[in-house]
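Enquirer: sequence and predicted structure below; questions after.
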Amino acid sequence: MSIRLAVLGSGSGSNCQSIFNAIDDGRLDAEVVIVLSDHEDAFILERARRRGVPAEYMDCGGYKNKFPLELQAEIAAKLQALRVDLVCLAGFMRLVKQPLLQAFPNRILNIHPALLPNFPGVEAWKQALEAGVPQTGCTVHYVDSGMDSGEIIMQAFVPVLPGDTPESLHARIQVQEHILYPAAILSALSRV
């Protein structure tokens, strides 16, 4: 029986697409049963709709960064009703707290564009470039109540090249993200 995934995203959904691709080519025995976004016009919703996957907008009540607890409770109930096994954050830019964490303990994953614990938070590739590190990368980790502080599942390394711009470095990190996330989901399945 394939694993049931929910994907939460805020942007274009390229990591969601990498999950779809891994399902299509047989690397991941899973089904994405719903895609949710906190941005009504996020392309991740369009990607899901094109596949026939239910895609819904989550109204965060006008808050720019806050993920209201009442909404998290509603989402938790919805995902439990859909019998979701794993929740995958794919460019989702809000902190997950209770009750989502209680509803899916050690079953919420996130992908972050840096080698955690270094450079948590937003625009991690810019942080890495400004710090002058010789390499950075991406990390898939379990979500806990902190910011990018959960247990690491897998990482991929990306060298910082002479002349790199934030855009060029981010583009190379994203290539690795698209390989890493499906593999890390597969690894996390052993704990479900």
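Expert: That came in fine, so what should we check first? Keep in mind the model is a prediction, meaning the values are calculated, not measured.
Enquirer: quick one, phi psi at Leu115?
Expert: Leu115 adopts backbone torsions of phi -90, psi 90, taken as degrees, to the nearest 10.
Enquirer: next, the buried residues of stretch 127-146.
Expert: Across stretch 127-146, burial judged by 16 or more other C-beta atoms under 10 Å covers 127-129, 136-144. Glycine gets a C-beta too; all of them are placed from N, C-alpha and C.
Enquirer: which residues sit against stretch 172-192?
Expert: Stretch 172-192 has contacts (C-beta atoms under 8 Å, 6 or more residues apart in numbering) with 3, 5, 14-15, 17-19, 21-22, 27-28, 30, 85-86, 88, 90, 106-107, 109, 111, 113, 125, 136-138, 140, 142, 153-158.
Enquirer: can you give me the helices for the protein?
Expert: 14-24, 43-51, 69-81, 100-103, 124-131, 166-188 (DSSP state H).
Enquirer: which non-adjacent residue is nearest Ile108?
Expert: Among residues not flanking Ile108 along the chain, Val143 sits closest, at 4.0 Å (C-beta to C-beta, 6 or more residues apart in numbering).
Enquirer: before we move on, what about Ala131?
Expert: Using C-beta to C-beta, 6+ apart and skipping residues adjacent in sequence, the residue nearest Ala131 is Phe119, 7.5 Å away.
Enquirer: what's the burial count for the one you found?
Expert: Counted with other C-beta atoms under 10 Å, the neighbours of Phe119 add up to 23.
Enquirer: that one against Gln127, yeah?
Expert: Yes: under the criterion of C-beta atoms under 8 Å, Phe119 makes contact with Gln127 at 4.2 Å.
Enquirer: for the two, list the residues in contact with both.
Expert: Common contact partners of Phe119 and Gln127 (C-beta under 8 Å, 6+ apart): none.
Enquirer: which residues does Arg27 contact?
Expert: Contact analysis of Arg27 by C-beta under 8 Å, 6+ apart lists 182-183, 186.
Enquirer: how does it look with 6 Å?
Expert: Contacts were defined as C-beta atoms under 6 Å, 6 or more residues apart in numbering; by that measure Arg27 touches Pro182.
Enquirer: buried subset of the contacts of stretch 172-192?
Expert: Buried residues within those, counting neighbours by 16+ other C-beta under 10 Å: 3, 5, 14-15, 17-19, 22, 28, 30, 85-86, 88, 90, 107, 109, 111, 113, 125, 136-138, 140, 142, 153-156, 158.
Enquirer: so how far is Ala48 from Asp25?
Expert: Relative to Ala48, Asp25 is positioned 18 Å away (C-beta to C-beta, to the nearest Å).
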